[in-house]
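[1] here's my sequence, what's the structure:
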Amino acid sequence: MTKYFADVSSFQRDDLSFFQGLVSAGVSGIMIKTTQGSPDGDNYLNPKSLNQTKSALAAGMNVGFYHYFKASSVTDAINEAKFFEKSVVNLGFGKDTPLCIDVEDPSLNTSAVASYVDTFINYLEAQGYTNVFQYSMASWFNQGILNANKHPTWVASYGSRDCGARGNIVAWQYTSSWGGGSQDMSYDWGIFDKQPAKTEAATQPTVEPEKPKVENVIKLTEQTHPVDRLGIERPETYEVGSTWKSSDIVMINDEPHYQIATDIFVPISKTTFKDFIIVKYTDDSPAPVFDSKGNRVQNASVSTGKSFKTAGFKVINDIPMAKIATNEFIPFEYTSGSKFE
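    Numbering: from 1, shown residues only. The predicted model follows:
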């Protein structure tokens with residue numbers, strides 16, 4: 001199941017109902033801004049960070065924090081890291097907390113900022129923090145201002161077919177207008193995997209999350225040459241970990257492929273959906289299940305959002321289907337990545 005997280009600062013609300021609303025929409029994590037600059041510089045502490053943290057925990061969310069970076073020297077970078085760490089400690093969080101350095105301010109020296117980021121992250125890791133990563137817009141990684149391979153990276157790229165950068169990408173902030181407002185939203189590819197919701201939230205009111213919308217986002221598990229509709233290999237190479245939006249699933253060379261552009265396809269076998277599927281069917285009726293002869297299996301159907309471990313695929317009555325049990329199959333048309341609406 002695709003995982004989502006939001007990020008907030010003092011511009012967003014800090015009441016419980018706001019965070020319960022996120023959870024109701026299938027958003028399980030939150031990154032909260034705590035600090036900006038250093039005590040010798042901006043000396044900024046988000047006045048809502050404590051209440052935002054309490055409300056997020058009460059709503060049952062996983063919580064991480066970020067710092068808005070302004071350093072102009074190695075000394076500044078260390079001072080900012082200490083300032084940020086103090087805010088995290090004061091909120092009662094431990095060494096496994098997701099912590100991020102937000103690198104985007106136009107005042108930053110783009111020729112030196114990468115070394116300052118290294119200093120900031122290295123300081124936190126030296127203190128024992130195990131889940132530290134960097135954030136910036138895709139252009140800064142593509143222009144070589146920052147290195148997406150050197151540290152785990154949360155990248156911002158809006159309105160694009162994929163995350164827009166290559167490297168150790170652990171999250172993609174894909175929109176700044178989620179829900180029709182001004183809320184950022186990101187796909188989570190590992191940030192919160194090591195950090196369950198805090199136990200303090202267990203006795204607080206929670207709401208049952210609704211199923212999030214099934215997104216047609218795929219991620220490559222190996223270096224891949226795409227092919228065209230005829231199965232002819234294209235010259236470009238897509239890197240391991242790169243992500244794409246699929247608009248359809250088609251059979252090419254007897255193998256199902258995701259369509260990621262007008263005439264560009266990658267095989268399912270080279271994506272994270274190699275051996276599992278997520279059902280993408282209508283909200284008000286379950287998807288049908290078929291046997292190996294193409295007959296509808298009675299009393300067997302599955303709803304949108306349900307995932308299955310698969311055991312390969314079979315073409316039944318000219319329809320490619322994923323095998324989900326000994327004699328049960330679901331058409332790829334009804335899975336994430338297809339054009340089925």
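[2] can you give me the helices in the stretch 1-150 of the chain?
    Listed in chain order, the helices of the stretch 1-150 of the chain (DSSP state H, counting those that start in this stretch) span residues 16-24, 49-58, 74-90, 113-126, 138-142.
[3] what residues of the last one count as buried?
    By that I understand helix 138-142. Neighbour counts using 16 or more other CB atoms under 10 Å place A138, W140, F141 of helix 138-142 among the buried residues. Using the backbone N, CA and C atoms, a C-beta is placed for each residue, glycine as well.
[4] out of the residues you listed, which one sits closest to A325?
    Of all these, A138 has the smallest distance to A325: 41.0 Å, by CB to CB.
[5] can you tell me the closest non-neighbouring residue to the closest one?
    G164 (3.2 Å; CB to CB, 6 or more residues apart in numbering).
[6] and the one you found, backbone torsions?
    When read as degrees, to the nearest 10, the backbone of G164 gives phi 90, psi 0.
[7] who touches it in this structure?
    Taking CB atoms under 8 Å, 6 or more residues apart in numbering, we find G164 in contact with A138, S139, N142, V155, S157.
[8] switch the residues you listed over to JSON lines; also include distance to D42.
    Below are the contacts of G164 laid out as JSON lines (distance: CB to CB, whole Å):
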{"residue": "A138", "distance to D42": "26"}
{"residue": "S139", "distance to D42": "24"}
{"residue": "N142", "distance to D42": "28"}
{"residue": "V155", "distance to D42": "24"}
{"residue": "S157", "distance to D42": "27"}
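[9] related to what we said a few turns ago, K323: which of the helices of the stretch 1-150 of the chain is closest?
    Taking CB to CB as the measure, those were each checked against K323, and helix 16-24 came out nearest at 34.0 Å.
[10] same for the closest one, what does it pack against?
    Counting contacts by 3 or more CB pairs under 8 Å, 6 or more residues apart in numbering; DSSP states H and E, helix 16-24 packs against helix 49-58.
[11] in the stretch 201-341 of the chain, which spans are helices?
    When secondary structure is read from DSSP H, counting those that start in this stretch, the stretch 201-341 of the chain shows no helices.
[12] tell me where it has strands.
    217-219, 243-245, 248-252, 255-261, 264-267, 276-278, 287-290, 296-302, 307-309, 313-316, 319-325, 328-331 (DSSP state E, counting those that start in this stretch).
[13] and the longest strand for this protein?
    Counting residues, the longest strand found in the chain (DSSP state E) is strand 169-178.
[14] okay, the most far-flung residue of the chain relative to its centre and A322: tell me how far apart.
    The C-alpha centroid of the chain is most remote from K293, which lies 38.2 Å away (CA atoms, centre = their mean). Using CB to CB, to the nearest Å, one gets 16 Å for the distance from K293 to A322.
[15] so what's G179 up against?
    When the contact criterion is CB under 8 Å, 6+ apart, the partners of G179 are A25, M185.
[16] list phi and psi for it.
    For G179, the backbone dihedrals are phi 70, psi 10 (criterion: degrees, to the nearest 10).
[17] and the pLDDT for it?
    Confidence at G179, expressed as pLDDT, is 83.
[18] lowest average confidence, helix or strand, in the chain?
    Scoring the helices and strands of the chain by mean pLDDT, DSSP states H and E places strand 296-302 at the bottom, with a mean of 77.
[19] for that strand, buried residues please.
    Judged by neighbour count (16+ other CB under 10 Å), strand 296-302 contains these buried residues: V302.
[20] where does the stretch 101-250 of the chain have low pLDDT?
    The model of the stretch 101-250 of the chain has pLDDT under 70 over residues 194-215.
[21] what residues of stretch 148-155 count as buried?
    Judged by neighbour count (16+ other CB under 10 Å), stretch 148-155 contains these buried residues: A148, H151, P152, T153, W154, V155.
[22] swap that for stretch 65-80, please
    Of all the residues in stretch 65-80, those buried under the rule 16+ other CB under 10 Å are F65, Y66, H67, Y68, F69, K70, A71, D76, A77, I78, N79, E80.
[23] now that stretch: mean pLDDT?
    When pLDDT is averaged along stretch 65-80, the result is 96.
[24] what's the answer for stretch 267-281, then?
    86.
[25] can you check the pLDDT for the closest residue to M321 other than its chain neighbours?
    Beyond its immediate neighbours in the sequence, the residue positioned closest to M321 (CB to CB, 6+ apart) is F329, lying 3.8 Å away. Reading off the confidence values, F329 has pLDDT 90.
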